[in-house]
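Visitor: Model the following, please.
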Amino acid sequence: MEPSNKGALLSLAWLEYNEAQNLPRIDEKLAMIDRAAKTYGKIAGIDPVTRARSTGLGAGRFGWLTDEKVRGDLRPKYDNAVKQLTRALEIDPASSDAMVFMSLCLRERADSRHG
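Guide: The predicted structure is shown next:
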């Protein structure tokens, strides 16, 4: 219904990939993995961050954001997220959710500073 819904496409690609793991024949597995790869390709076509990450793959820098504009756009968002999560951890230092998201944001923020 919404061919450019990133969340739906991510779910579909994840389901396709995981379904491939349970298929008994190798040709069926490979076909389903190819299908998942095409779905991930659609995501790269609609999402600038995914597209920017995929451009670094051939350069041997898996997942790094090579597009300076995308990195520049993301830096303040990651800085703000880290600031908010720091506050959340001040309120509840035992919040495992806040700790997990803090770890993710710190890694993503670091990626946004390397090109």
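
Visitor: Averaging pLDDT per element, find the lowest-scoring helix or strand in this structure.
Guide: helix 48-55 (a mean of 62; mean pLDDT, DSSP states H and E).

Visitor: average model confidence for the following helix or strand past it?
Guide: Downstream of helix 48-55, the first helix or strand assigned by DSSP states H and E is helix 68-91. For helix 68-91, mean pLDDT rounds to 88.

Visitor: Stretch 8-18 too?
Guide: 88.

Visitor: buried ones in that stretch?
Guide: 9, 12-13, 16-17 (16 or more other Cβ atoms under 10 Å). Any C-beta I mention is one placed from the backbone N, CA and C, and that applies to glycine too.

Visitor: and of these, the nearest to Lys42?
Guide: Using Cβ to Cβ, the shortest approach to Lys42 within the buried residues of stretch 8-18 belongs to Leu9, at 5.7 Å.
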